[in-house]
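Predicted model and sequence below, questions to follow.
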Amino acid sequence: MKPKPRNDDSEPSTSGGDSTERGNWGSQLEFVLSCLSYAVGLGNIWRFPYLCYRNGGGAFLIPYAIMLLTCGLPLFFFELSLGQYVREGPITVWKICPIFGGVGYAMFMISFVVGIYYNMIIAWALYYLWSSLSSSLPWTSCDNLWNTEACQRYDPKNCTSLSGFLNLTTGDCIINGTVSDDEWAALKNASEALKMPADEFFHNFVLGISAGIHHFGELRYPLVICLLVAWLILFSALLKGVKSFGKAVYFTAIFPYIVLIVLLVRAATLPGYMDGIMFYLTPEWKRLLDPSVWADAATQIFFSLSPCWGGLITLASYNKFNNNHFRQVILANDGSSSSNLLYFRGMFLCEKNKQAICPCEVVHERISLTVNRDAIVVTLGNCLTSFFSGFVIFGILGFMAYSLGVPVEE
């Protein structure tokens, strides 16, 4: 027997319009900014441009957009809708369908592990920020205690104008064609064995990597302090729950865009900027036939938007049940509707009929759903941020290529 569909305008018996006990966002803007803060991160800045670089430049944008529409946006909308409907965290939200309770614990474990290692990356960033305040940047020279004999500073400004190759061993500029092929190959191999000061600063000083797993090394106390500061910042933002976090997101969501704009303006003034941008936007269409390109696009969508980690459910659970910023759309279900939508409708029916293991039949009918425009705004904003950051990163890569006298692809 088919269960009777619930009235779409009604609320679940366990949820009210507002929750004085759980709390609500101070405004809809706070919720949107919190989702942007959650979705936009270092993966947009460093990983997306790298994947474009590896997967055919502008051609990578096509599978990326397709994966956004077919995977990222539906899952993003699903989690926001589920969190707002049940008004619970990722573990207890599955009381609507207890058979999926293990999914909630898996979400919690993923967020727990990612939170630990991601905060360590923030600690690195804080340490670099502190080090950059010194009169001379410690990662620009080879005269420090942590440097090795392999350290060689790049200073090819005179060699670049001659279209030559810099011999990093001697610092001499070797003009292509003035030496034999064997000598050229030997010089190139010797130069590739050397390391830049920034590389040694990170691995030898910041991380202090030991000789192997048999030697654990010592605590890096500057990093310990930076990690403590990172956790204290996080604690302060969450001190009063959604009220304090709702105010913190005005900074965490907006400040990264200010930094990106400043970096873009600076990069645009550097020589070689347009070479990097042309490489970024010029597509290699043949790469679309490579399955690994599509796999990288899907991976980036999941890595960037972070669906299925439980964070979106938590953020949406602080929304009012009747959110005024929802809009109604009618989706005709003729037997070929999205499986996500049918699954979501089936969960509603399960909650209505209090079935313990959700043996509910999904009804093929004309479905009226409230589609969260916030999901569209956040997912598009996240992806546009990735696209925008590409102009910054590839502009700087173009300058680096110009300085080294090599093509951008090298």
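Now that the structure is in, tell me what you want to look at.

if I pick the residue nearest to Asn144 when sequence neighbours are not counted, what's in contact with it?
In space, Asn144 comes closest to Pro138 once its chain neighbours are excluded; the distance is 6.2 Å by Cβ to Cβ, 6 or more residues apart in numbering. C-beta here means a position set from N, CA and C on the backbone, and glycine is covered the same way. Residues in contact with Pro138 (Cβ atoms under 8 Å, 6 or more residues apart in numbering) are Ser131, Asn144, Phe201, Phe205.

For the stretch 301-410 of the chain, which segments are assigned as strands?
With DSSP state E, counting those that start in this stretch applied, the stretch 301-410 of the chain shows strands at 326-331, 367-372, listed in chain order.

One more: the chain?
Applying DSSP state E to the chain gives strands spanning 164-166, 173-175, 326-331, 367-372.

Out of those strands, which gets the lowest mean score?
Lowest mean pLDDT within the strands of the chain: strand 326-331, at a mean of 32.

circling back to that earlier point, give me the phi and psi angles of the residue nearest to Asn144.
Main-chain dihedrals, Pro138, degrees, to the nearest 10: phi -70, psi -10.

any idea how far it lies from Pro197?
Distance, Pro138 to Pro197, using Cβ to Cβ, to the nearest Å: 8 Å.

Find residues that contact each of the two.
With Cβ under 8 Å, 6+ apart as the test, Pro138 and Pro197 both reach Asn144.

about what we covered before: highest neighbour count among the contacts of Pro138?
Highest neighbour count within these: Phe201, with 24 neighbours (other Cβ atoms under 10 Å).

May I have the residues that are in contact with that residue?
So Phe201 contacts Pro138, Trp139, Asn144, Trp146 (Cβ under 8 Å, 6+ apart).

So the first one versus Arg87, what's the distance?
Which is Pro138. Using Cβ to Cβ, we find Pro138 at a distance of 50 Å from Arg87.

mind showing which ranges of the stretch 101-250 of the chain have poor pLDDT?
Scanning the stretch 101-250 of the chain for pLDDT under 70 picks out the ranges 154-194.

Help me confirm that Phe60 comes into contact with Leu51.
Yes. With contact defined as Cβ atoms under 8 Å, Phe60 counts as touching Leu51 (6.1 Å).

who has more neighbours, those two?
Neighbours were counted for Phe60 and for Leu51 using other Cβ under 10 Å; Phe60 has more, 26 against 21.

How about the more buried one, nearest residue that isn't a chain neighbour?
Excluding the flanking residues, the one nearest Phe60 by Cβ to Cβ, 6+ apart is Cys52, at 4.8 Å.

Pretty sure the one you found sits against Tyr280.
Yes. At 6.3 Å, Cys52 and Tyr280 qualify as touching, with contact defined as Cβ under 8 Å.

Give me the more crowded residue out of these two.
Neighbour count, other Cβ under 10 Å: between Cys52 and Tyr280, Cys52 has more, with 26 against 23.

Mind pulling up the pLDDT for the more buried one?
At Cys52 the predicted local confidence, pLDDT, stands at 88.

Compute the distance between it and Leu397, please.
From Cys52 across to Leu397, the span is 11 Å (Cβ to Cβ).

residues bridging contact with the two, i.e. touching both?
Residues touching both Cys52 and Leu397 (Cβ under 8 Å, 6+ apart): none.

how far away is Gly26 from Phe78?
Gly26 is 25 Å from Phe78, by Cβ to Cβ.

Among those two, which residue is more densely surrounded?
Legend: neighbour count by other Cβ under 10 Å for Gly26 and Phe78, higher for Phe78 (22 against 13).

Give me the contacts around stretch 51-66.
279-288, 290, 292-294, 296-298, 300-301, 383, 387, 390, 394, 397.

Please apply the same query to stretch 110-126.
41-42, 90, 206, 223, 226-227, 229-231, 234, 308-311.

hmm, back to that, tabulate the contacts of Pro138 in CSV, adding columns for distance to Gly56.
As requested, these are arranged in CSV below (distance: Cβ to Cβ, whole Å):
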residue, distance to Gly56
Ser131, 36
Asn144, 39
Phe201, 33
Phe205, 36
